[in-house]
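Colleague: Please work out how this folds:
(4 chains)
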There are 4 protein chains.
Amino acid sequence: MRAVVFKGPRKLSVDEVDDPRIEQPLDAVIRITTANICGSDLHPYEGRAVLEPGMVLGHENMGVVEEVGPGVDRIKVGDRVSVPFNLACGTCRNCNDGFTSACLRANPHGGAGAGYGYPKMGPYWGGQAELLRVPWADFNLLELPKGTEHESDFTMLSDIFPTGYHGTELAMVSPGKSVAVYGAGPVGLMAAHSALLRGASQVFVVDKEADRLALAGSIGATPVDLAAVDPIEFITDATDGFGVDCGVEAVGYQAHDQHGKEHPELVMDNLVEVVRATGHIGVVGVYVPEDPAAADKGAKTGHVGFNYGLAFEKGISIGSGQTPVKKYNRELRDLIIHGRAKPSFIVSHELGLDEAVDAYKRFDAREEGWTKVLLHPAA
Amino acid sequence: MRAVVFKGPRKLSVDEVDDPRIEQPLDAVIRITTANICGSDLHPYEGRAVLEPGMVLGHENMGVVEEVGPGVDRIKVGDRVSVPFNLACGTCRNCNDGFTSACLRANPHGGAGAGYGYPKMGPYWGGQAELLRVPWADFNLLELPKGTEHESDFTMLSDIFPTGYHGTELAMVSPGKSVAVYGAGPVGLMAAHSALLRGASQVFVVDKEADRLALAGSIGATPVDLAAVDPIEFITDATDGFGVDCGVEAVGYQAHDQHGKEHPELVMDNLVEVVRATGHIGVVGVYVPEDPAAADKGAKTGHVGFNYGLAFEKGISIGSGQTPVKKYNRELRDLIIHGRAKPSFIVSHELGLDEAVDAYKRFDAREEGWTKVLLHPAA
Amino acid sequence: MRAVVFKGPRKLSVDEVDDPRIEQPLDAVIRITTANICGSDLHPYEGRAVLEPGMVLGHENMGVVEEVGPGVDRIKVGDRVSVPFNLACGTCRNCNDGFTSACLRANPHGGAGAGYGYPKMGPYWGGQAELLRVPWADFNLLELPKGTEHESDFTMLSDIFPTGYHGTELAMVSPGKSVAVYGAGPVGLMAAHSALLRGASQVFVVDKEADRLALAGSIGATPVDLAAVDPIEFITDATDGFGVDCGVEAVGYQAHDQHGKEHPELVMDNLVEVVRATGHIGVVGVYVPEDPAAADKGAKTGHVGFNYGLAFEKGISIGSGQTPVKKYNRELRDLIIHGRAKPSFIVSHELGLDEAVDAYKRFDAREEGWTKVLLHPAA
Amino acid sequence: MRAVVFKGPRKLSVDEVDDPRIEQPLDAVIRITTANICGSDLHPYEGRAVLEPGMVLGHENMGVVEEVGPGVDRIKVGDRVSVPFNLACGTCRNCNDGFTSACLRANPHGGAGAGYGYPKMGPYWGGQAELLRVPWADFNLLELPKGTEHESDFTMLSDIFPTGYHGTELAMVSPGKSVAVYGAGPVGLMAAHSALLRGASQVFVVDKEADRLALAGSIGATPVDLAAVDPIEFITDATDGFGVDCGVEAVGYQAHDQHGKEHPELVMDNLVEVVRATGHIGVVGVYVPEDPAAADKGAKTGHVGFNYGLAFEKGISIGSGQTPVKKYNRELRDLIIHGRAKPSFIVSHELGLDEAVDAYKRFDAREEGWTKVLLHPAA
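Modeller: Here you go, the predicted model:
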C-alpha cells in the first residue's frame, strides 16, 4: 500500500510499503477513507519528539473495515468506523475505568497509553496510508452510519473533537457557565464548539491569528485578539469583574510571548488570573516531563513554574491530560448525526496522499489558512 | 474580657480587652469553651504573613451562644456551637454554591474569603479569648448537642477536621482506593482519618517525626518515615508498582529537604511521582501567591516550579484550596456523635488562656509532642 | 393594594387589600412587575387542593424592591429581582444542602418546603398583586439587570424554567443524549428547551394539543402527537430500537387516557417503556400523597400503581419532586442575558390584573392557545 | 464433571455431565473452588421463574483458570479469579458505559443482561459444578491473589457483596449519612457492611429473624426487629424526627406482612416513610415485570402500587436494578486484601457438591441459621 513514511526530522515521503495484515485474533484491518494531519504530528516532524525512521504517520483515522480476525465478534467487514487515537486493550484496570488514554497493556514500551504512528506510543503504524491495522477491534472501533455522509465531521471523532470536548469536561463546563479557551487552533476551536454544546453562556477564545479568531466568531464564540487587547482585562471586564468559571488550555508548552520567546508557563499564568475563585481549568494543550530543547532549565524536566500559589489561593482545580476518546465519541457522533454538532467548520484542506509531504511543510510553517488538513488516500 | 493579642512577630500577650458586642442585626456573641492553636497561626506569629498589632488571634473556635442580634431567628442563646473558620455571608453567589471559603461579601479587604484573627481575612477578632463575635450567626454556626461531651472532638470541626477531609475530597478518595498523605501534622492526620472513614483500602502517611508517625499508625494508617526510606519507592512497591490512586498534600510551601533547605515544589514533585496515571491530588497544605521571604525567585510570586509536565502526561487532576467548612461539618459532627470518628486523637495539650504565650513558643519551635494545643479560656 | 384573592373553588376576585409590610428584620417588599399564572394555581382553583379563602394567589413573581428590613444587607431598594417560588430560610440543613424546595423552617404548617399563595405552603400571600412581602430577602432574591429588558424571559425564572430544567437534571440529560418529554404544557416546553441547552442530540415532546406541539417544534424538538401515533413505538423506532436515554414527566397525576378517564399511572407506564435499560426518568409533573378526588382507591392515598417491576428490570432511576429554584436560576438568568435561552416563547397572553379572573377561567378550560399568561399589575 | 442440575421445580440432582470446553476464541474454562447458593436461585427452584430442565445452576462462582481460548491475551492458565454473575461482552454500548448488568450482546434471548444458570439470562451453564465456561474471559474475570487465603470473603465478590454495595451506591450513601436497610438476608447484610465502609454514621437493619439481626449487630449496625417495634417510628425517633438520609431495599417483591400475606408494595411503602425529604432509596431486592403467581392483579404485570405520591412530595430519588459487578469488584477485593472488609461474616455453611440438594431444601425452607451456603466442588 502507499503511506506517509517518516524518514527523519522534516523528512517524509509517500512510499509503497507492505500491507498491514491480521496479526492477532482480535485485529481488524481498515481501508482508510480519511486521515487528518494533527498539530501533534509536528512534534516528531520537527524532531522535538524522537520517532524511529520507517514509521507510518497518522493517528486521526476513519475508514471501512476490510478484514477481521477470528476473535472479532462485534465489528463486521464493511462497517464504516472511526478509530480512536488511543489504542487500548479494553480489559485492563484503566480501560475498565474508562481511561483508554492510559491503557496499561497496549504499549510494549511500558507506560500508560498507546497510539498509532507516534513517538513512545508503541510500534503501531499510523493511518496516513491506504490501510491500517487496529488491535482489539471490537473494543476500539466506533460504528458510523454507512455511506459517505458527514465524512468531514465524523473524521474529527478520532481525536480533535473529543480532545476539545475533554478540555471542557476537565474544566467542568455546564449550562450557564462562562468559559475562556486559550488557543484557536483545531483543539481550541473544538473546545469552544463543545463549550457551546454544553450550554455555556459565554465563550471567549484567545489567540492572535485573525483567520482562526474568525472561525471562533463564526460559531458564536467571542474572539479575543491578544495582539490587540489584554485578554485578562478584556475577559474580566466582560464577566462583571469576576473572571470566567472555566478555563481551557489548548496551547501547550510551546507558547510564545509577543517577542517570539517560548514560555511554557505563559498560558497557565493567564488562566489562573482569568478564572475566578472556585473555578476550574482543563488542560489539553500538551505538556511533557522531558523536553531537552526547552529554553528554561526547569522545563527541560517538566518543571513548569506557573503561578500555582494563586491557583491555590483561589481554590481553582486543574484537570489535565490526553482525552479518553471512547468516553465521548458515541455521544459526539450522535450530535453530528442529528445536526447539532458540525466540527467540520475547521477544515481548510482536503488532499490526496501524494500531497501530504507538501501539506506537512506548509502546516509546520503555520501558513495562513492551514487550519486542518484531511487526507483521502483513495482520492 | 481576656484574650491572646498579637503585638508583632513572636510577640503575644494575654490582655484584658473590650468585650465584643452585637454590632449588626445578624450577629451573635459566643462564650468560648475551646479555641485551638492552628499551624497557620504561626504564619503571622513568625512574621511571614503580615498582621496588624492589636488583633486577637484564633480561628478554631467553639462555645456557647451568649447573645444574639434582632435578626437572628434560628440560633438561640444557650446553644452549644462550632464556629467555622471561614466567616461567610450566606447569601452571595459563592456561598449559594457552597463555597463559604470564597465568600464575596464578608471580607472588606476585598478578595474571596474571610476569617477570624488572621492576615488579610478581614477585621474580625479571633476566638483565643473569652468571647467571640460571629457575624451572620444563623448561617455560620453549627449546633452541637448540649453539655460537654465530645468537646475535644467537636473542637476539630471548626477547621482542622474539615480541612483534612477536604484534602480527601479533592483527591477523590472513595471506597477501596489507595491514598498517600504527605505530612503528619494535624491536617495530615485528619486527612488520614478522613481517608479511612471514606473507605480507603490503604492509607500511607509520609513524615519524618516519629511522634506524629506513631499517631498515624495508631488509627490504622501506614506510617512512612522519609528519614528511613524513599517514600516514592516504598509506596510504589506497596501498590503493585502502580502508585496510589489519591494523594493529599498536607505540608505546604514551607517544605524542607533533608538539609533543611526550603523547597516549595518538593512535596508536589513527590506526589506527581507517587500518584498513578489517572489519579488525583488534593492540596490543602498552604501555597501563596506572594511570599517575599521565599528562597527562590519564582516562589516569591507564587511560581512553584513542580513537575507539571509529568502530571499532564499521567492525566492527574489537582484540586486545591481552603476547605469550605460548612460543606462537611454537619456530617463530621454526626460521625463523632455516633462514635465513628474520633479526631481528638491528635490532642497533645489542653491549657488555660494564660499558658497561650508559652504554648505558641513551643509549638513554633516544633517541640516534640506538641501536636495540637487546645485552649480553654474558662479554665 | 389590588390583588387576586381566592374566595373559594372557581371564585376569585380582584380586591383592594392591605399593603404587605416589613414584618421581620430580613423581609423585603417588592413591587410586582410581572406575575404569571401557573398550571398548579388550578389545583386550588378547581378545589382539588384546599386553600383558605382570603389568600392572595400567585407564586411566579418578579419586580423591583420597594423596601427592606433592618437585617437586609445585600439586596437594595430599587433592585430588580426574581422571586423563587420556594420560600426558604437559607440557614437550615436542607437550605445548606441546596434544597430550598425542602426548607425545614419556612413553613409553619410543618413539612418541608414553603411558598407563596398556595395550599399547605404557609401563610404567605402570593404575588398576583401590586406588592409582595418576601421573607429572608437576601437569601431568596435573585438580582436582574435593571430596566425592562428580557422581562418576559426573566419572569420564567421564578418557577417554570427551573422546574423544566430540574426535570432534565433529574433525568440526567447530558450532551448527546436522547430525551422524551411527556407533556407540552409550559413545564414540558421548558424541559425541552432545557434539554436542548444541555446538549441533547434528540428531544421528543409528546402531547395531543396541536398548538403546544407546534411550540415544541419551533425550538427544534420533535413533536409526537399521541392522537396520531403510538408514542412508544414512534420514539423507539427513532432511537434505533433502544428507546431514549432520558425521560421527563411533565404531566402529573391528572393524566387522562383517550376516553378522558384519569389514570395517574399512565405517563409513568409510558416512560418506563420508552426509556432504555440503564436510563433515567425525571418527574416534575405533580403527584400527591393524598387525593380524595382520585378515581382509583390506591391513588386516593398516593399509591400510583405504575410498572415499577419493569423499571427495576431495566435498571432505570427515577428522580422526583419540586425544583429547588435557587440551584438553577442564576445560570438560567445568564443564559437569557447572553441570548442563549429564550423561555418567553411560551407566552400567549400579557394582561392587566383586572383581566385575571377571566384569564383563570379560560386557562382552566384549557382554551386553545392559552399556554402561558403573564399579569402586569401596573398595566 | 459433576454438577447441580435443575430437573424441575424443587427437583435437583447432582449429576455427571459433559465437561464445558472452549467454544469461542475468547472463552476460558474455570475449575470452580467455591460456588455459593443465592437467594435468587430459589426463584427457579420454587418454580416462580421458569427454567428449562437440564440447566446447571449457580451464578456466584470463583476458581482457577484451567484453559483459555486463542483470543484470550490477559488472563492466564492458573490465575485465581472471581466470576461476576453478569456475563458481558465488554464491547457493546452498555458495557462501554460500565453497565455490564445490561450487556446488549451476551443474551441470545434478547433483552439487556446475561448470566449463568438462570432463567431468561441465556444458555450459559452455572458454576455449582466442577468446571465453568466463561465467555469474553479477559473482560469478565477479576484476578485474585494466588493461593487459598480469603476464599470465603472473595467468593462474595461474584454477586452478593457488589449487590449490597450497589444498594448503597443507588441510595447515595456517603460519610456521615444515616441509612436504613430493609432485609437482613445476605444482600441486606452486605448493604449494611457496605454502608459502614462508605462512612455512614448510623445504619439500621430491619428484619424479623433473630439470627440475621444478630449478624447485623455483630458488624456495628443497629438491628431493628419489626416483630417487636414499629420500624418507621423507631428509626424516625433515632434520627431526631427527620428519618434517614438513605434507604436500601433488600427484600424484593415477595415481602410478607405479619399475617404471611405477600405485599409487593410493603417495603417500598415503609421506605418512602422512613427516608427523609430530599433523601434517596436504592432498590436491589428484586421486582419483576411479570409475575403470574402474584396475589394482586397489578403485580402480575409489575404494577406495584406503592406510595409514589409521597415519594414525589418528599423529593426522594429511587435507583433500581441489578448490580454491574465489575463496577465495584476490584475495589471491594482490595478492601478484603487489606483487611478493611470481611464479608464472610454471613457464611453459615460450607459443603461439598453432594450436599447441595439437601442444602437447597433447607435454605428454601428458611431454616434458622441457613444464611449463606458455600459449595466446594473439590471437597
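
Colleague: And the residue of chain A found nearest chain D, how far from A:Leu26?
Modeller: Shortest chain A-to-chain D distance, computed as CB to the nearest CB: residue-wise this is A:Gly71, at 3.0 Å. C-betas here are computed from N, CA, C, even on glycine. Counting by CB to CB, to the nearest Å, the gap from A:Gly71 to A:Leu26 is 5 Å.

Colleague: out of these two, which sits in the busier spot?
Modeller: When A:Gly71 and A:Leu26 are compared on other CB atoms under 10 Å in any protein chain shown, the one with more neighbours turns out to be A:Leu26, at 29 against 21.

Colleague: before we move on, what SS does that one have?
Modeller: For A:Leu26, the secondary-structure state derived from DSSP: H, G, I helix; E, B strand; the rest coil is coil.

Colleague: That one contacts A:Val72, doesn't it?
Modeller: Yes: applying CB atoms under 8 Å, one finds A:Leu26 in contact with A:Val72, separated by 6.0 Å.

Colleague: what residues does the stretch 151-300 of chain A put near chain C?
Modeller: Proximity of the stretch 151-300 of chain A to chain C is confined to A:165, A:174-178, A:194, A:197-202 under the rule CB under 8 Å from any CB of the partner chain.

Colleague: Please list the members of the residues you listed that lie in strands.
Modeller: Among those, the subset assigned to strands under DSSP state E consists of A:178, A:202.

Colleague: Nearest to B:His338, out of the residues of the stretch 151-300 of chain A next to chain C: which one, please.
Modeller: Nearest to B:His338 among those, counting by CB to CB, is A:Ser174 at 34.9 Å.

Colleague: mind listing what the closest one touches?
Modeller: If you count contacts by CB atoms under 8 Å, 6 or more residues apart in numbering or on different chains, A:Ser174 has them with A:198-199, C:331.

Colleague: contacting residues around the residue most central in space within chain A?
Modeller: To find the centre residue of chain A, average its C-alpha atoms and take the closest one (CA atoms, centre = their mean): that gives A:Ile160, at 3.8 Å. For A:Ile160, the contact set (CB under 8 Å, 6+ apart) comprises A:36, A:38, A:60, A:186-187, A:190, A:343, A:346, A:372.

Colleague: now stretch A:226-240: mean pLDDT?
Modeller: Per-residue pLDDT values over stretch A:226-240 give a mean of 97.

Colleague: Could you pull out the buried residues of that stretch?
Modeller: By neighbour count with 16 or more other CB atoms under 10 Å in any protein chain shown, stretch A:226-240 contains the buried residues A:226, A:231-232, A:234-236, A:238-239.

Colleague: for stretch A:113-120, same thing?
Modeller: Residues A:113-119 are the ones in stretch A:113-120 that count as buried (16+ other CB under 10 Å).

Colleague: Looking at those residues, which are in helices?
Modeller: Counted as lying in helices by DSSP state H, out of these, is not a single one.

Colleague: Would you format the buried residues of stretch A:226-240 as TSV with distance to C:Ile22 included?
Modeller: Rendered in TSV, the data for these read as follows (distance: CB to CB, whole Å):
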residue	distance to C:Ile22
A:Leu226	51
A:Pro231	46
A:Ile232	43
A:Phe234	43
A:Ile235	40
A:Thr236	37
A:Ala238	37
A:Thr239	34
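
Colleague: Tell me how far A:Cys226 lies from A:Leu213.
Modeller: Quick fix: residue A:226 reads Leu, not Cys. Distance of A:Leu226 to A:Leu213, computed by CB to CB: 10 Å.

Colleague: joint contacts of those two?
Modeller: With contacts defined as CB under 8 Å, 6+ apart, the residues adjacent to both A:Leu226 and A:Leu213 are A:Asp207.

Colleague: burial measure for A:Asp358, as a count.
Modeller: For A:Asp358, using other CB under 10 Å, the count is 11.

Colleague: Name the SS class of it, please.
Modeller: The assignment at A:Asp358 comes out as helix when based on three-state DSSP.

Colleague: What pLDDT is listed against it?
Modeller: Among the per-residue scores, A:Asp358 holds a pLDDT of 97.

Colleague: For it, list the residues it contacts.
Modeller: For A:Asp358, the contact set (CB under 8 Å, 6+ apart) is empty.

Colleague: who in the stretch 51-200 of chain A is up against chain D?
Modeller: In this structure, the stretch 51-200 of chain A approaches chain D at residues A:69-71, A:73-74, A:89-93, A:96, A:98, A:105, A:138-139, judged by CB under 8 Å from any CB.
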